[in-house]
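>>> No letters, just coordinates:
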């Protein structure tokens, strides 16, 4: 019996072996043929040099080979050669803005360097398998990074000034008019035939008026990822230019007497109020507009951790380590969209123009709203804090304070302006939620 | 299909600004209500009063002890 089993096993093994060897043989012959093609051919030294020269960046820029853009279509010669050189120069200009002029260097530097890397020919760093491309698909195309930034911003935000003077939240709402005014402007432009923006693209552009970097990026990746680079750059550079853009508008719309209005001192806000507030706003968002809860939820999560006072370690990480790491990745990922074939298009110019209009309209409507509110009885509001309703925390509030001090050295508006400022963040998150819900 | 984009834009504006304002107005109302409730039912303990009260008691105790000691000494 044992013998038979052994024989049977031996037979099986023989079969298996012959089978495998047959297969193996076929495989080896195939491998040999491909192997033969890949074998290193001896080249003369001059051939090696000319081959190396052909692979340098200079040649790739002057005489580019065939490349496909992000949509899988062949790139134009301009975008492969001169366009890249122009974009590299643009990133140098952004370096200068960030370092010499101090324009939001924390984000502008990673964005600009990402842009520099994305425009390198041959290497394909921003391509699907390049590291910028990996960063982009890891955290930007799925809207992860803006959300994490929002958590950090929430942990840095103090809602005290808003809680002690709740009605200033309306100023933060009025400033969102910049978003929707620009939306109309953008669709009017494309209706007139200057550009070809879809409603989605127009919405993504107009959110620049919310003056909130993460929100802009969140919306842009959701509605118009092809415009992300231009929108993010416009958004962050205008946020950095708040101290230049806002004061002329604020001064033009207010009288001297209005600028000198002194506001009543803010009352003390108890710890429990601050602790209840984030949960309360999130509850409202759940009930009214669930589409806005990714942004508001993350924001309030960060704030709740901070106000709870029992998770100092997590709060510290959110405010520092986590937001710093995410900022680096977010910047580089956005920078990957500064590739010439995506950025050097006529749309970019319109986005830049529409962005600054959105900012200015937002500022103006915040100031005007404060003037309207002063028509009603109650404590008077200094219209200068209306401009802080565009988010841009805390830059816009500082600008309100600075302009106020120009007219009255003793008039401290900073804390009063922080109210509309943080309400502006909530307001733009709500506006973003509305825009997303409209395209569902 | 030809749609008037500008009209669409204005519709978006109406809905968007409306939602933002309604949200903020509700938020303001609930903020006021919340502050009222918190102040009425959960007032913060007065920070300055708490440490002084035991100190005064201590003082009294010390005075009592001293008086007792003096009495004892004299008696």
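That came through fine. Treat the numbers as computed from the prediction; the structure is a model and nothing was measured.
>>> List the buried residues for stretch A:66-82?
For stretch A:66-82, burial by neighbour count (16 or more other CB atoms under 10 Å in any protein chain shown) applies to A:70, A:75, A:79-81. From N, CA and C alone the C-beta is placed, and that goes for glycine too.
>>> Which residue comes closest to the residue in the stretch 251-400 of chain A that chain B sits nearest to once chain neighbours are left out?
Nearest residue of the stretch 251-400 of chain A to chain B, counting by CB to the nearest CB: residue A:270, 4.7 Å away. Leaving out its chain neighbours, the residue that sits closest to residue A:270 by CB to CB, 6 or more residues apart in numbering or on different chains is residue B:44, at 4.7 Å.
>>> Spatially nearest residue to the most centrally placed residue in chain A (excluding sequence neighbours)?
The centroid of chain A falls nearest to residue A:217 when counting by CA atoms, centre = their mean (3.1 Å). Distance criterion CB to CB, 6+ apart; nearest residue to residue A:217, sequence neighbours excluded, is residue A:146 at 4.6 Å.
>>> For chain B, list the residues in contact with chain A, please.
B:4-6, B:8-10, B:12-13, B:15-17, B:19-28, B:30-32, B:34-35, B:38-39, B:42-44 (CB under 8 Å from any CB of the partner chain).
>>> which among the residues you listed end up buried?
The buried subset of the residues of chain B next to chain A - by 16+ other CB under 10 Å - is B:5, B:8-10, B:12-13, B:16-17, B:19-21, B:23-24, B:27-28, B:30-31, B:34-35, B:38.
>>> Give me the subset of those residues lying in helices.
Using DSSP state H, B:5, B:8-10, B:12-13, B:16-17, B:19-21, B:23-24, B:27-28, B:30-31, B:34-35, B:38 are the members of these that sit in helices.
>>> Residue A:306: which element?
helix A:293-308 (DSSP states H and E).
>>> Any stretches of chain B with poor pLDDT?
B:1-2, B:46-58, B:75 (pLDDT under 70).
>>> just the strands in the stretch 1-150 of chain A please.
Remark: no strands are assigned in the stretch 1-150 of chain A by DSSP state E, counting those that start in this stretch.
>>> Could you list the low-pLDDT ranges of it?
A:1-39, A:69-72.
>>> Let's see that with 80 instead.
For the stretch 1-150 of chain A, applying pLDDT under 80 flags the ranges A:1-41, A:63-77.
>>> got the residue ranges for the helices in it?
For the stretch 1-150 of chain A, the helices defined by DSSP state H, counting those that start in this stretch cover A:2-38, A:45-54, A:57-62, A:77-80, A:82-99, A:105-118, A:131-135, A:144-156.
>>> Pull the residues that contact the second one.
Surrounding helix A:45-54, the residues in contact under the criterion CB atoms under 8 Å, 6 or more residues apart in numbering or on different chains are A:43, A:59.
>>> Could you do stretch A:374-381 as well?
A:167-168, A:171, A:258, A:261, A:263-264, A:370, A:373, A:383.
>>> hmm, try it at 6 Å
A:261, A:264, A:370, A:373 (CB atoms under 6 Å, 6 or more residues apart in numbering or on different chains).
>>> check which helix or strand covers the third one.
Secondary structure here is read from DSSP H and E; on that basis residue A:370 sits in helix A:346-374.
>>> Can you name the element that comes right after that helix?
Criterion used, DSSP H and E; the element after helix A:346-374 is helix A:395-407.
>>> Specify the angle between that next one and helix A:346-374 in degrees.
On the basis of axes from the mean of the first three to the mean of the last three CA atoms, to 10 degrees, helix A:395-407 is oriented at 50 degrees to helix A:346-374.
>>> next one: helix A:395-407 to chain centre, how far?
26 Å (CA atoms, centre = their mean, to the nearest Å).
>>> for the record, mean pLDDT for that helix?
Averaged over helix A:395-407, pLDDT sits at 92.
>>> Nothing else from me, thank you.
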